[in-house]
Every structure is written in structure tokens, then in C-alpha cells.
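> My questions concern the predicted model and sequence given below.
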Amino acid sequence: MRLIGVLGGTSWPSTILPYRILNEEVARRQGGTHSARIALYSIDYHAIRSCYSRDPAEIPALLRVEITRLLSFRPDCWMIANNTLHKYLEPWREELPATPPLFHAIDLVREHLVARGSPRTLLLGTRFTMEDGYYRDPLVKAGIEIVIPDEADRARIGEIQMELAEGNTDPAFAAWFAALLARHAGQGCHAVVLGCTELPLAITAAPPGMDLVDPLVLQCRACVDFALADFAVADFAVADFAGADEAP
């Protein structure tokens, strides 16, 4: 079994999810007492998180340092267990080594929605994810109509997300989201994308006829597909990607 790399810690409650999903998926496919081989690098999120409102331009360099450290563990494939950080990967994504492959959340969501024929899709996430184009635009370019909640609902989602990130899983959160999804399903949304890693802590099901799309699940399944595939793993040099001295 190949080694799966996971960049986590963003936040710690949501990092539990990919660890569980990866192991459940391997156990389901392999049976017995099999579990996933995982290099889970849980970062100290404070430095990056503090830059969102202060100086987002600093984030790509900070993220590059953390990814370089994850790749130093020599995983055979990897994923980022955070949706927002995919935006700050884009400025230098082409510099990533082809091996090990990255299973990119937004790419996988786009492929899933296109394959399912989901023309009208509700996008949930942090306020930033819902309002910024980094997540929406690639989906729209693929012919998918993206719907985001109204201002009041976006504000409430942001409040709940912050609570979930701190480990608060109030049952009232699940009830609120169930009502939100039912309302949008009634307005013709065929799918909902959980574009924030904390949201699956409160949303575990969608109304009948609405496809629940969890990027974490898509990433984990793609990683397990790769980890269990029968192929020769090419070597790669972390130094080629790391470049010059790491940022402080």
C-alpha cells in the first residue's frame, strides 16, 4: 500500500475527518485489519490563519514551507485538508512536482459535478469561499450554475463554522443546516458542495434528490484509489521543489 500524505491541522477538529475516512475506505476495500498508511502533517495553523485578514499575500510562502515539509516525508500521493488553502496554492501550483500527485479538492469537485450532471449547485463554505471566485469560477467554467446563500445565511454559516473549528458541535447546527438545504433543494439545487472542512461535522445528509458533495471524501477516495493501485512509484527530489531557504 502506498503512503498517503495529508496536510492537516486547519482546524484540528476537521483534521480528524480525513484520518477516519482514509482508514474506513481502506478497511472497506481490503477487509481484515487493514488500515491506511498515512503521513499526517498537522501544522500550527495560527500563522496562516492570522494572515487572512491582515496580509493574505504572505500566505503562499507560508503554505509552501508547510507543503515542502509534508513532501519531505516522501508520500506517494497527497492532499490538503483545507478548502481555502487551495486558493493560495494556485500562484505556484505549476511548480509542484508531478510525483507525488496532489489530489486537488476543486478539481475533484468539478469532475464529480460534471459526471453527475449537476447543473444547479449550492456552494457552502466560509464567507470567503462563498464570496471569492477561487472555488466558484472553475465550476462555472465547466457549465455548472453555482448558487450561494443570501447575506444573512452566509453570516450564520460563518458563525457556525468558527464554532465547529473550536470543537463545538451543538446539535442545533445540524438542524439549521438541514433547513437551509431543504430550502435550496426546493429552489432547484441538485447538489450541495461542502466547501469548508468543518461543515461535514454538522452536515451528514442532504434532502432527497440533492447530491451531498464533500471534497474531503472525494480527496480521500482518490488517494486510496492511488494508494492501492498496482504501479511503480517514481522517485522525486523534495529539494527540487523546496528551492531556496524556507520562509521564516
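Good, I have the coordinates. Note that the coordinates shown come from a computational prediction; the quantities given were computed from them, not determined experimentally.
> can I see the domain layout of the chain?
When the chain is parsed with automatic domain parsing, its domains come out as 4-105+218-242, 106-214.
> Going by mean pLDDT, which of these comes out lowest?
With a mean of 91, domain 4-105+218-242 has the lowest mean pLDDT of these.
> Export the domains of the chain to TSV and append columns for mean neighbour count.
For glycine as for every other residue, the C-beta is placed from the backbone atoms N, C-alpha and C. Below are these laid out as TSV (neighbours: other C-beta atoms under 10 Å):
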stretch	mean neighbour count
domain 4-105+218-242	17
domain 106-214	17
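> all helices in the protein, in order from the N-terminus.
For the chain, the helices defined by DSSP state H occupy 12-30, 46-54, 59-71, 85-89, 105-116, 127-131, 133-141, 151-165, 171-186, 215-228, 238-242.
> With respect to residue 97, which of the ones you listed lies nearest?
Nearest to residue 97, of all the helices of the chain, is helix 238-242, at 5.3 Å by C-beta to C-beta.
> To residue 194, which of the helices of the chain lies closest?
For those, the distance to residue 194 is smallest for helix 215-228, at 6.8 Å, taking C-beta to C-beta.
> Give me the distance from the closest one to the chain's centre.
On the basis of C-alpha atoms, centre = their mean, to the nearest Å, helix 215-228 is displaced by 11 Å from the centre of the chain it belongs to.
> In PDB, could you pull the C-alpha coordinates for that helix?
What follows is helix 215-228 as a C-alpha-only set of coordinates in PDB (Å, rounded to 0.1, in the frame of the first residue of the first chain):
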ATOM      1  CA  PRO A 215     -14.500  17.500  -1.100                       C
ATOM      2  CA  LEU A 216     -12.800  15.600   1.800                       C
ATOM      3  CA  VAL A 217     -14.500  12.400   0.800                       C
ATOM      4  CA  LEU A 218     -13.600  12.900  -2.900                       C
ATOM      5  CA  GLN A 219      -9.900  13.600  -2.000                       C
ATOM      6  CA  CYS A 220      -9.700  10.600   0.400                       C
ATOM      7  CA  ARG A 221     -11.200   8.200  -2.100                       C
ATOM      8  CA  ALA A 222      -8.900   9.400  -4.900                       C
ATOM      9  CA  CYS A 223      -5.900   9.000  -2.500                       C
ATOM     10  CA  VAL A 224      -7.000   5.400  -1.600                       C
ATOM     11  CA  ASP A 225      -7.500   4.600  -5.300                       C
ATOM     12  CA  PHE A 226      -3.900   5.600  -5.900                       C
ATOM     13  CA  ALA A 227      -2.500   4.000  -2.800                       C
ATOM     14  CA  LEU A 228      -4.000   0.600  -3.700                       C
END
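> just checking, what packs against it?
Using 3 or more C-beta pairs under 8 Å, 6 or more residues apart in numbering; DSSP states H and E, the elements in contact with helix 215-228 are strand 4-8, helix 12-30, strand 77-80, helix 105-116, strand 191-194.
> quick one, it and helix 105-116 angle?
90 degrees (axes from the mean of the first three to the mean of the last three C-alpha atoms, to 10 degrees).
> follow-up on the earlier one: so for residue 3, which of the helices of the chain sits nearest?
Closest among the helices of the chain, using C-beta to C-beta: helix 215-228, at 7.4 Å.
> Can you name the residues in contact with that closest one?
With C-beta atoms under 8 Å, 6 or more residues apart in numbering as the test, helix 215-228 has contacts from 1-4, 14, 17-18, 21-22, 25-26, 29-30, 36-37, 76-79, 81, 83, 101, 103, 105-106, 108-109, 112, 193-195, 197, 200.
> Cool, thanks, talk later.
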